[in-house]
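# Sequence and computational prediction follow.
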Amino acid sequence: MDCLDGGPRTMNPRHEESQKKPKKKSALHAPRHTAPAQKPHHPPWEETEQTEETPDEEIVQEKTSQEQIPPDTPDLPRRETAPMDFSAVKARLAQSRMPKQTIPIIGEKYIGTGITGIDQLFDKGIPKASTILIVGGPGSGKTIFCLQTLYEAAKAGQKVLYMTLEETPDRLRQHMKDFGWDIEPLEQKGLFVIQKFNPLDITRQIDAMLEQVRGELLIDLKPLLIPAGFEPDRIALDSLSAVAAALFEKEESYRLYLEQLFKLFNDIGASAFLISETPDPVLRLSTTGVEEFLADGVLVFYNVRSGNIRESAFEVLKMRGSGFKKKIVAMQIKEKGIVVYPEQEVFTQI
């Protein structure tokens with residue numbers, strides 16, 4: 001370059017050397033790919049402090065998730081617990097589901113039914129020569145109970161009489177066979193007798209006897225109901241409802257029949273079970289309301305409906321001369337007969 005005066009310009013050696021050297025690019029003009037994309041740029045003094053105090057992103061997330069868990073909350077996935085021993089619970093449950101027979105079927109003053117669970121509801125059993133009313137709706141287990149307890153008594157050597165006013169003897173034998181109760185050997189020994197009665201025949205005989213005694217309240221029902229020469233220890237009558245229906249509009253005759261019937265069972269010293277059909281659910285215990293007052297005991301069988309499910313239940317409502325548990329307990333009709341669970345209460349409201 002020429003000077004203003006036309007002569008050549010002389011350049012300072014230091015200035016000339018600085019122009020020949022390439023200029024250094026500042027940090028602001030550094031290529032973007034040289035810095036990690038996930039980390040913002042900081043001055044060197046800030047980077048040193050941040051590196052020492054700030055952990056990696058994964059560590060920060062793990063620490064944050066751990067801080068969200070309360071310090072007293074156990075680490076469930078990593079917690080090791082000892083296996084629990086349910087043997088005692090299972091044993092107790094099995095014992096309550098399958099109660100053992102505790103009362104003998106034949107005793108000096110008390111008798112047992114021979115049905116699993118029912119006898120455990122009594123302190124001593126059913127007093128001998130008692131008249132028991134068996135109450136329940138259709139399909140609740142009344143007939144099965146009577147057949148089963150008479151079968152168990154006959155196996156133990158007692159003489160039993162099943163008086164039926166509805167079912168035929170062959171049909172009753174088939175019912176018992178379905179449960180595995182073979183009564184043929186017992187019938188051959190004279191221990192089990194099934195007697196069929198016509199309710200209309202009974203009403204005619206009662207009316208005729210009432211005419212003979214001319215209003216006196218003394219009727220001998222033994223020749224009408226008990227086979228000649230047979231002295232039963234237990235009797236089942238199926239059912240009082242059939243007699244009441246036959247004596248419809250003859251309430252006085254029915255009451256007289258009941259009184260003499262209870263007197264007969266007491267005179268011969270037999271333990272009697274009288275079936276009474278009731279509506280479902282059980283709203284009343286008998287047809288006239290007299291039966292439960294004359295009876296020494298009342299056993300109620302329930303067949304309760306809850307939605308589309310039915311639940312069977314059992315209750316000892318009354319028993320003269322014997323203590324008993326006052327509660328409604330669960331019951332099942334199984335392939336071998338009735339089973340009552342004295343420690344298992346019913347969930348359905350009755």
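Now that the structure is in, tell me what you want to look at. None of these values were measured; they are calculated from a predicted model.
# all strands of the protein, in order?
Here the chain has its strands, by DSSP state E, at 110-111, 126-127, 131-136, 160-164, 192-196, 234-238, 271-277, 297-306, 309-319, 329-334, 337-345.
# Make TSV out of those strands and add distance to residue 184 and mean pLDDT.
(C-beta placed from N, C-alpha, C; glycine too.) Formatted as TSV, the strands of the chain follow (distance: least, CB to CB, whole Å; pLDDT from 0 to 100):
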stretch	distance to residue 184	mean pLDDT
strand 110-111	24	96
strand 126-127	27	97
strand 131-136	25	96
strand 160-164	14	98
strand 192-196	9	98
strand 234-238	19	97
strand 271-277	22	96
strand 297-306	28	92
strand 309-319	29	94
strand 329-334	23	96
strand 337-345	18	94
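# Which among the ones you listed is found nearest to residue 249?
strand 271-277 (18.5 Å; CB to CB).
# Show me the shaky parts of this protein.
1-102, 212-219, 281-285, 287, 347, 350 (pLDDT under 70).
# Buried residues, the helix ranked longest in it. List them.
Using DSSP state H to define each element, the chain has its longest helix at helix 251-268. By 16 or more other CB atoms under 10 Å, the buried positions in helix 251-268 come out as 253, 254, 255, 256, 257, 258, 260, 261, 262, 263, 264, 265.
# can you check stretch 335-343 too?
Quick answer for stretch 335-343 (16+ other CB under 10 Å): 337, 338, 339, 340, 341, 342, 343.
# what does stretch 129-139 give?
For stretch 129-139, by 16+ other CB under 10 Å, it's 129, 130, 131, 132, 133, 134, 135, 136, 137.
# Reformat those as JSON lines; add distance to residue 237.
Below are the buried residues of stretch 129-139 laid out as JSON lines (distance: CB to CB, whole Å):
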{"residue": "129", "distance to residue 237": "15"}
{"residue": "130", "distance to residue 237": "14"}
{"residue": "131", "distance to residue 237": "10"}
{"residue": "132", "distance to residue 237": "11"}
{"residue": "133", "distance to residue 237": "10"}
{"residue": "134", "distance to residue 237": "9"}
{"residue": "135", "distance to residue 237": "13"}
{"residue": "136", "distance to residue 237": "15"}
{"residue": "137", "distance to residue 237": "18"}
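# Residue 333 versus residue 117, what's the distance?
12 Å (CB to CB, to the nearest Å).
# more crowded one of those two?
residue 117 (25 against 18; other CB atoms under 10 Å).
# and that one, what is it in contact with?
By CB atoms under 8 Å, 6 or more residues apart in numbering, residue 117 lies in contact with 99, 329, 331, 339, 340, 341, 342.
# Widest-spaced pair of these?
So, those by CB to CB: farthest apart are 99 and 331, at 11.8 Å.
# before we move on, the earlier item: any idea which of the buried residues of helix 251-268 is the one closest to residue 178?
The closest of those, once distances to residue 178 are taken by CB to CB, is residue 265, at 28.9 Å.
# For residue 160, see how far away the closest residue to that closest one other than its chain neighbours is.
Once flanking residues are discounted, residue 265 sits nearest to residue 272: 4.2 Å by CB to CB, 6 or more residues apart in numbering. Distance of residue 272 to residue 160, computed by CB to CB: 11 Å.
# shared neighbours of the two, which are they?
234, 235, 236.
# my read: the first one touches residue 272, true?
Yes: under the criterion of CB atoms under 8 Å, residue 234 makes contact with residue 272 at 7.4 Å.
# Correct me if wrong: residue 232 contacts residue 163.
No: the criterion here is CB under 8 Å, and residue 232 misses it with residue 163 at 9.6 Å.
# Looking at those two, which has the bigger crowd around it?
The neighbour comparison of residue 232 against residue 163 (other CB under 10 Å) goes to residue 232, with 25 against 21.
# Now for that one: which residues touch it?
Contacts of residue 232 (CB under 8 Å, 6+ apart): 159, 160, 161, 193, 226, 268, 270.
# The spatially closest residue to it that is not a sequence neighbour: neighbour count?
Of all residues not flanking residue 232 in the chain, residue 161 sits nearest, at 4.1 Å (CB to CB, 6+ apart). Using other CB under 10 Å, residue 161 is surrounded by 22 other residues.
# show me the contacts for residue 161.
Residue 161 neighbours (CB under 8 Å, 6+ apart): 193, 195, 226, 227, 230, 232, 234, 235, 236, 270.
# Now list the buried members of the residues you listed.
Using 16+ other CB under 10 Å, the buried members of the contacts of residue 161 are 193, 226, 232, 234, 235, 236, 270.
# Return the distance of residue 236 relative to residue 301.
For residue 236, the distance to residue 301 - CB to CB - is 14 Å.
# could you give the angle of the longest helix of the chain to strand 271-277?
150 degrees (axes from the mean of the first three to the mean of the last three CA atoms, to 10 degrees).
# Just read off the phi/psi values of the residue lying closest to residue 266 once chain neighbours are set aside.
Nearest residue to residue 266, sequence neighbours excluded (CB to CB, 6+ apart): residue 129, at 6.5 Å. The phi/psi pair for residue 129 (degrees, to the nearest 10) reads phi 60, psi 30.
# and residue 129, what is it in contact with?
Here residue 129 is in contact with 265, 266, 269, 270, 271 (CB under 8 Å, 6+ apart).
# So it versus residue 265, what's the distance?
7 Å.
# What of residue 305?
34 Å.
# I'd say residue 260 and residue 221 touch.
Yes: with contact defined as CB under 8 Å, residue 260 reaches residue 221; the gap is 5.3 Å.
# If anything else comes up later, I'll come back, but that's it for now.
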